[in-house]
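Novice: Build me a model from this:
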Amino acid sequence: MMRAHPAFPPDDEILGRAYDRRLMGRVWSFTRRYRGWIALAAGSFPLLAALDLVQPYLTKVAIDAYILPGDWPGLTRVAVLFLLTLGAQYAIRYGQVYLLAWTGQHVVHDLREALFAHVQRMPTLFFDRNPVGRLMTRMLGDVEAVGELFASGVVSVLGDVVTLAGVVAVMLTLDWQLALVTFAMVPLLATVAVYFRGRARAAYREVRIRLARLSAYLQEALAGMAVIQLFGAETVCRGEFDRLNEDYRRAVFRRMGFDALLYAGVEMVGAVAVAAILWWGGIQILSGGVTFGILVAFMEYVQRFFLPIRDASSKYAVMQTATVAAERIFGLLDHPPTIVSPPGGFRPTHRHAPTPQIEFRDVWFRYPGEAAAGSTGRPSRPAADGDGWPDADGDWVLRGLSFRVSRGERVALVGATGAGKTTVARLVTRTYDVSRGTVLVEGVDVRQWDLEALRRHVGLVLQDVMLFSGTVVDNLRAGRPEASLATVVEAAGQAHADLFVRELPGGYQALLRERGANLSQGQRQLLSVARALVYNPAVLLLDEATSSVDPETERLLQDAVDQLLTGRTSIVIAHRLSTIQRADRILVLRKGELVEAGPHEELLRQGGLYATLHELSFGVDPEPIVERAGSR
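Specialist: Purely as a prediction, here's the structure:
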């Protein structure tokens, strides 16, 4: 139960080649508005480096010019100057760190906003294939990793480079021989860095992949905890979670091992350099080649030489994490929406042409599978026979479906599970595109509509009601934020939701928990009808909107639905035939094909599939009926 790995498509494993310069260039594009502040922070690095480099020199002066000769007043002046440089250094560093953190948080804000806006444009197929936890990892953890790049990563590297250059110049000026002893360790440092870099990237990528898997499984498990408990599957799910958690722990430990390798390697090389300086410097002091102050200053400069390199382990960790995160972020941003508004998309006027409000013309459709969809996620085209027509034996959900719904007509759509009823609603609202044929609304192909205008014109009420955390009134205004409170209350009254809403603590300002968990199923469905009344679309689709409720609530819902459908073009999808008997016309689907059409009484007299479904709905012995239906 709830195995994790099938939910993760191959592109979560293989993110493609990484081009650091290209990725960092794209990240840098998000800093355009803040480059002045970044330049100000970067401009402080030379000043910080100068203040840092002058301190060992002051130590040399204090030893050679004042301590050894015993000039205590002069030593006091040098000590005060040393303290002033420290104070100035800390003040400038505070401003620099603040600016970089400020910039990083603004980049995080803008990047996360761009991601969320992009995800909002993605079609339903995208969300069918991408677990919510995985997307949350992109928008939260990965974006935060990119923001950390500015706070303690790429910009501070500039300061390290400036400091290193200054240290090299000062060391060569003080004593070139001691400097060469230090620089002799650079090839060893380069060997350690190359070894680390060649193996670390895969470890950092693995950490992000394992974290995404763990987040996705955790989100799904928490959302379905009631089902897990009802089926007694806690042990199985805990074992699966433990496996994913252990995979993540091992990936983190492997990454930490590389971090420790770099840090320890640099520390070792630095210690060898210090020992070499002490040995060679001691010989030079004994021979009179250098002063004691120069040797002490050189020891401090050696520390400053290796400090940025040693800190490179943490900076490299930040940069690697950010680079892998950027791969995943831009991989998501580069995934194009496959269902978009065409340029100059159609928007209806108040004048209606004398055409059917909804029309299906020879519509073929199947849900694209992993193989059929390819890397782009586009729906596959139908396989064709020698005459150029789709292969009727393929796995089609809809097969050559054609029908019309006139303006103001109430049409019911019925059929067994899997007959394609919900797919019809999805195609009308264009959450999927047809594989072949045409779906028209107001006589215009839905692919030519502006998407926002189409979904404003055609409303959909689902069986699985989605209510958001927030107040009742905010949920009812979901489609029309500008709707007045009077409009909301009137709609709730028509939907028979007003009475129970007023009994909630706070009434219309009552807070709903996630998915409306503090309401019953029937109350959530009544609110969904009220929300549709506030939304007030010209065309309405009801997909199982009156199922899964008790008889009393069903009666209220039925009356609310009647209020909702009055004077409105509508398609009602239902298994429970009692909810659609008052339709003007009933369309009966079987395996994606239209097999019967007509009013309720006429279809009963025909004794066909609808009559069979009606008999099954009202408790007649199903066995002979099923045999009879299968023979038709």
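
Novice: Strands along the protein, start to end?
Specialist: Along the chain, counting by DSSP state E, strands occupy 358-365, 398-405, 410-415, 436-441, 444-445, 458-462, 470-471, 511-512, 539-543, 569-573, 585-590, 593-598.

Novice: taking the ones you listed together, which one is wrapped up most tightly?
Specialist: strand 569-573 (a mean of 25; mean count of other C-beta atoms under 10 Å). C-betas here are computed from N, CA, C, even on glycine.

Novice: how about that one as PDB, C-alpha atoms only?
Specialist: Only the C-alpha atoms of strand 569-573 are listed here, as PDB (Å, rounded to 0.1, in the frame of the first residue of the first chain):
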ATOM      1  CA  THR A 569     -27.500  25.800 -20.100                       C
ATOM      2  CA  SER A 570     -26.200  22.700 -18.200                       C
ATOM      3  CA  ILE A 571     -24.900  19.200 -18.400                       C
ATOM      4  CA  VAL A 572     -25.600  17.100 -15.300                       C
ATOM      5  CA  ILE A 573     -23.400  14.000 -14.800                       C
END
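
Novice: so where is the stretch 201-350 of the chain shaky, pLDDT-wise?
Specialist: Counting by pLDDT under 70, the ranges of the stretch 201-350 of the chain that qualify are 201, 310-314, 316-317, 350.

Novice: Mind jotting down where the helices sit in it?
Specialist: Under the criterion DSSP state H, counting those that start in this stretch, the stretch 201-350 of the chain contains helices at 225-230, 234-287, 292-333.

Novice: and of those, who's closest to residue 43?
Specialist: Among the helices of the stretch 201-350 of the chain, helix 292-333 comes nearest to residue 43, with 18.6 Å by C-beta to C-beta.

Novice: now for the closest one, which elements pack on it?
Specialist: Judged by 3 or more C-beta pairs under 8 Å, 6 or more residues apart in numbering; DSSP states H and E, the packing partners of helix 292-333 are helix 20-29, helix 35-61, helix 72-120, helix 143-152, helix 154-174, helix 176-183, helix 186-223, helix 234-287.

Novice: quick one, phi psi at residue 537?
Specialist: Phi and psi for residue 537, reported as degrees, to the nearest 10, are phi -80, psi 160.

Novice: out of everything not next to it in sequence, what's closest to it?
Specialist: Take residue 537 and drop its neighbours on the chain: the residue closest to it by C-beta to C-beta, 6 or more residues apart in numbering is residue 459, 3.3 Å away.

Novice: now do residue 426
Specialist: Distances taken as C-beta to C-beta, 6+ apart put residue 432 closest to residue 426, at 5.0 Å, once the chain neighbours are dropped.

Novice: Near that neighbour, how many other residues are there?
Specialist: By the criterion of other C-beta atoms under 10 Å, residue 432 has 21 neighbours.

Novice: Repeat that for residue 396.
Specialist: Residue 396: 23 surrounding residues under other C-beta under 10 Å.

Novice: pretty sure it contacts residue 367?
Specialist: No: between residue 396 and residue 367 no contact is recorded; they are 9.7 Å apart, counting by C-beta atoms under 8 Å.

Novice: how about TSV for the helices of the stretch 201-350 of the chain, with mean neighbour count and distance to residue 125 added?
Specialist: Formatted as TSV, the helices of the stretch 201-350 of the chain follow (neighbours: other C-beta atoms under 10 Å; distance: least, C-beta to C-beta, whole Å):
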stretch	mean neighbour count	distance to residue 125
helix 225-230	12	25
helix 234-287	15	26
helix 292-333	20	15
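
Novice: Format the ones you listed as a markdown table; extra columns: distance to residue 115.
Specialist: Converted to a markdown table, the helices of the stretch 201-350 of the chain look like this (distance: least, C-beta to C-beta, whole Å):
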| stretch | distance to residue 115 |
| --- | --- |
| helix 225-230 | 28 |
| helix 234-287 | 23 |
| helix 292-333 | 7 |
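
Novice: Of the ones you listed, which is nearest residue 119?
Specialist: That would be helix 292-333 among the helices of the stretch 201-350 of the chain, by C-beta to C-beta, at 7.5 Å.

Novice: Can you give me the domain assignment for the chain?
Specialist: In the assignment given by automatic domain parsing, the structural domains of the chain cover 19-333, 406-437+445-598.

Novice: Can I get these in TSV including distance to residue 614?
Specialist: Formatted as TSV, the domains of the chain follow (distance: least, C-beta to C-beta, whole Å):
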stretch	distance to residue 614
domain 19-333	32
domain 406-437+445-598	5
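
Novice: hmm, back to that, and the helices of the stretch 201-350 of the chain: which comes nearest residue 558?
Specialist: helix 225-230 (28.2 Å).

Novice: Next one: residue 166 relative to residue 89, how far apart?
Specialist: 13 Å (C-beta to C-beta, to the nearest Å).

Novice: same question but for residue 216, I mixed them up
Specialist: Taking C-beta to C-beta as the measure, residue 216 falls 46 Å from residue 89.

Novice: out of the two, which sits in the busier spot?
Specialist: residue 216 (23 against 18).

Novice: right, and that one touches residue 129 too?
Specialist: No: at 11.8 Å, residue 216 does not count as touching residue 129 under the criterion of C-beta under 8 Å.

Novice: Run through the bridge partners of the residue nearest to residue 537.
Specialist: In this structure, residue 459 bridges to residue 540 when assessed by DSSP bridges.
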